[in-house]
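S.K.: Output the structure for:
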Amino acid sequence: MNRYSKLQENCCFFGRPIEPLAFYLPSFSDVHQQKQSPLYNVFPKEIRDLVFEYALADNGVPSPTWDTGDVATNDAAVALLQTCKAVYLEAYRLPMLLNGFFYALNYNVPTRPALSRLGPWQYALIQRLDFSVQQVTIEGGDLEKQLTEWRSIPRHSGAYVAPLFYHLHSPRTDGVIPSHNFGLTTFGEDTPGWHREDGDKVTLYRAFVKNHDPFISPYCNFTARAMVARPLTHLTIRMSRTDWWTWTDSPETSDSEEQLALDPACGKETRPLLTDMLALAAQRRMGQHPQYEDGTWGAYVAMLPDLKTLELMLETFREKKRQLEVVCDCAKTWKFPLKESQYELVCDGKIEELKWANVPDEDDGWETESELGSAAMDIDDDHSSDEEIEDHSSHNNNWGGIEEVEGVNNGDGEMSVDVGAQGPSVTEPQATADAGPLNGTFSPFHDHPTTPDGYHSPTYSVISHDYELTSSPFSPPFSPASLQINPVSPVFNSGSDYNSLPLWYETATDFEVRVVRFKRQRME
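M.R.: Alright, predicted model coming up:
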């Protein structure tokens, strides 16, 4: 084996495909049409698409085993893609389009799916972001950093995801915009009449300048087929019961500095107080909507010009239910004008209520009260919008799947796309054999660690399509010195004695969740 072959085998990307299997198959019209199947000889394509969307999206129904230490599973039927070429070609994009990208900021938890295990074409299909945050994070600037990494403007313009693997901090060549451990390229924009489509051939420069001398290295460019990056259309922001500034304060307090408060116009320098939130809500009801200054999380949301839905999942203790309802009542007045568009996000006025109890001996501690009728899939209704946002998927113009909005993600893991007996996954490396299962618990309403008992909370590692849990200390919210935030009320210090928590917290076993949705509409 020569030196070059050894270097290849030592590369973490060696053997991983940069193009989906679909790019190597005949077109849909040239494969077996499966006329013997009712799925193809009875159902029209519109009905068939709904079947695929239902099968390939996690249904979001609360799992009674989620908080008992059992492994959370995903019910997305990705094996459907292995049935035949016709099904695969029609539906191979859906697992990434329908299931959002989840990241718990401030927690030692890997993203889901893990970006390091995705191919460039899979990264291009992500259009739904799901962030679990502490209030200090959303108001301190970390959310802005995360949203910026997704390069919403190039995605809005229809850039390709470069068909090449990169290390996170490795430099990109000319014409490639860094985006996590991938790159976006506007290849072809200088060509008159160029219309980007999935499967277009894209040429990338291997050298860092276009005038690279081919006599020094003959490998001065690289050509492969690329996937068009989808615009970011859905954003979910979650805050658990321990993520608020005032989560340790007494539920019976009447002090405005010790009650739950949240507002998209606050947080640039100091955290919002109840009086601030109520005053801003009163102004909005009179038609005076404040401008979101740079540094506020309302300005961060406005960075996503294609956003169709913003969803806030807010959890607290049952003892603080009244405070949470005040926050949600004020949230109905919020609006989010989107940059570079004539559209804004407006609350739909329907607050979904979810309740759960930390009763591990019970099979099901869930209750759902919702004006929407169920806690199942949230399918977009684009008929209510005045604008059709171009979706570059040739088979799925309107996403019709799950948002992790009911607060329960049954472990939506990496989507391994195989067809027939193709052997190992063509999209991701397999888990190592020595990755053994560990124990832990999850809260049913969010994917990041919480502290139901003993202030220990899980992280997880990916093993195939499921997630094994491992115990690690929970780091409660505190104000980093690098942030110019002045919390008035006491915030739990991670270095404090865990036994110093208030008595009401020790006996709190019931929890309330409110889901507030904002929909896209044309500005008046």
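S.K.: Paired strands for whatever helix or strand residue 315 lives in, with orientation please.
M.R.: Using DSSP states H and E, residue 315 sits within strand 309-317. For strand 309-317, the paired strands and their directions (DSSP bridges) read strand 234-239 (parallel), strand 510-522 (antiparallel).
S.K.: how about the longest one as CSV, C-alpha atoms only?
M.R.: Taking Å, rounded to 0.1, in the frame of the first residue of the first chain, the C-alpha atoms of strand 510-522 are listed here in CSV:
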residue,chain,number,x,y,z
ASP,A,510,-46.1,18.6,38.4
PHE,A,511,-45.2,20.7,35.5
GLU,A,512,-46.9,23.0,33.0
VAL,A,513,-45.9,23.7,29.4
ARG,A,514,-47.3,26.3,27.0
VAL,A,515,-46.7,26.3,23.3
VAL,A,516,-47.0,29.6,21.5
ARG,A,517,-47.0,29.7,17.7
PHE,A,518,-46.2,32.5,15.4
LYS,A,519,-47.2,32.3,11.7
ARG,A,520,-46.0,34.2,8.7
GLN,A,521,-48.2,36.8,7.2
ARG,A,522,-47.9,39.9,5.0
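S.K.: and it, what's its mean pLDDT?
M.R.: Within the predicted structure, the mean pLDDT of strand 510-522 is 95.
S.K.: got it, and stretch 283-297?
M.R.: Across stretch 283-297, the per-residue pLDDT values average to 92.
S.K.: what does stretch 40-57 give?
M.R.: 93.
S.K.: Over to stretch 16-30?
M.R.: Stretch 16-30 comes out at a mean pLDDT of 91.
S.K.: In it, which residues are buried?
M.R.: Neighbour counts using 16 or more other Cβ atoms under 10 Å place 16-23 of stretch 16-30 among the buried residues. In this view, the C-beta of every residue, glycine as well, is placed from N, C-alpha and C.
S.K.: Could I have the CA atoms of it written out in CSV?
M.R.: Once non-C-alpha atoms are left out, stretch 16-30 reads as follows in CSV (Å, rounded to 0.1, in the frame of the first residue of the first chain):
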residue,chain,number,x,y,z
ARG,A,16,-18.1,8.4,2.9
PRO,A,17,-20.3,9.4,0.0
ILE,A,18,-20.8,13.1,-0.9
GLU,A,19,-23.7,12.4,-3.2
PRO,A,20,-27.0,10.6,-2.4
LEU,A,21,-27.7,7.2,-3.9
ALA,A,22,-30.5,8.8,-5.9
PHE,A,23,-28.0,10.7,-8.1
TYR,A,24,-26.8,7.3,-9.3
LEU,A,25,-30.2,5.7,-10.0
PRO,A,26,-32.3,6.1,-13.1
SER,A,27,-34.9,8.8,-13.1
PHE,A,28,-38.3,7.9,-11.5
SER,A,29,-39.9,7.4,-14.9
ASP,A,30,-37.3,4.8,-15.8
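S.K.: quick one: contacts for residue 150?
M.R.: Neighbour list for residue 150: 129, 179-180, 232 [criterion: Cβ atoms under 8 Å, 6 or more residues apart in numbering].
S.K.: what angle separates the longest strand seen in the chain from strand 510-522?
M.R.: With DSSP state E setting the assignment, residue counts place strand 343-357 as the longest strand in the chain. Here strand 343-357 runs at 170 degrees with respect to strand 510-522, directions being taken by axes from the mean of the first three to the mean of the last three Cα atoms, to 10 degrees.
S.K.: What ranges in the stretch 1-150 of the chain fall below the confidence cut-off?
M.R.: Under the criterion pLDDT under 70, the flagged ranges of the stretch 1-150 of the chain are 1-14, 60-74.
S.K.: can we see that at 80?
M.R.: Segments of the stretch 1-150 of the chain classed as low confidence (criterion: pLDDT under 80) are 1-15, 59-75, 106-110.
S.K.: need the helices for it, in chain order.
M.R.: 3-10, 38-41, 45-56, 85-91, 94-98, 120-125, 135-140, 142-149 (DSSP state H, counting those that start in this stretch).
S.K.: got those as a markdown table, with distance to residue 240 and mean neighbour count columns?
M.R.: Formatted as a markdown table, the helices of the stretch 1-150 of the chain follow (distance: least, Cβ to Cβ, whole Å; neighbours: other Cβ atoms under 10 Å):
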| stretch | distance to residue 240 | mean neighbour count |
| --- | --- | --- |
| helix 3-10 | 41 | 9 |
| helix 38-41 | 41 | 13 |
| helix 45-56 | 28 | 17 |
| helix 85-91 | 34 | 21 |
| helix 94-98 | 24 | 27 |
| helix 120-125 | 28 | 26 |
| helix 135-140 | 10 | 24 |
| helix 142-149 | 16 | 16 |
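S.K.: Dump these into CSV; add distance to residue 241 as well.
M.R.: Putting the helices of the stretch 1-150 of the chain into CSV (distance: least, Cβ to Cβ, whole Å) gives the following:
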stretch, distance to residue 241
helix 3-10, 46
helix 38-41, 44
helix 45-56, 32
helix 85-91, 38
helix 94-98, 28
helix 120-125, 33
helix 135-140, 12
helix 142-149, 19
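S.K.: Out of these, flag the one nearest residue 159.
M.R.: Evaluated with Cβ to Cβ, these place helix 120-125 nearest to residue 159, the distance being 9.1 Å.
S.K.: and the buried residues of stretch 16-30, which two are the farthest apart?
M.R.: Looking at those by Cβ to Cβ, the two members farthest from one another are 16 and 22, with 16.4 Å of separation.
S.K.: ok, how many other residues are close to the closest residue to residue 179 other than its chain neighbours?
M.R.: Residue nearest to residue 179 in three dimensions, not counting chain neighbours: residue 151, with 4.7 Å by Cβ to Cβ, 6 or more residues apart in numbering. Summarising burial for residue 151: neighbours were counted as other Cβ atoms under 10 Å, giving 21.
S.K.: just for the stretch 151-300 of the chain, where's the confidence low?
M.R.: Low-confidence segments of the stretch 151-300 of the chain, defined by pLDDT under 80, span residues 168-171, 173-174, 188-194, 205-221, 268-269.
S.K.: can you pull out the strands in it?
M.R.: With DSSP state E, counting those that start in this stretch as the definition, the stretch 151-300 of the chain shows strands at residue ranges 160-161, 176-179, 182-185, 200-205, 221-228, 234-239.
S.K.: out of the helices of the stretch 1-150 of the chain, nearest to residue 221?
M.R.: Smallest distance to residue 221 across the helices of the stretch 1-150 of the chain (Cβ to Cβ): 16.8 Å, for helix 120-125.
S.K.: Dump that closest one to CSV, keeping only the CA atoms.
M.R.: Presented in CSV, the C-alpha positions along helix 120-125 are these (Å, rounded to 0.1, in the frame of the first residue of the first chain):
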residue,chain,number,x,y,z
PRO,A,120,-23.4,17.5,2.4
TRP,A,121,-26.6,16.7,0.6
GLN,A,122,-28.3,15.8,4.0
TYR,A,123,-27.1,19.1,5.5
ALA,A,124,-28.6,20.9,2.5
LEU,A,125,-32.1,19.5,3.3
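S.K.: how close does the residue nearest to residue 143 when sequence neighbours are not counted sit to residue 59?
M.R.: Take residue 143 and drop its neighbours on the chain: the residue closest to it by Cβ to Cβ, 6+ apart is residue 300, 5.2 Å away. According to Cβ to Cβ, to the nearest Å, residue 300 stands 30 Å off from residue 59.
S.K.: Thanks again, I'm all set now.
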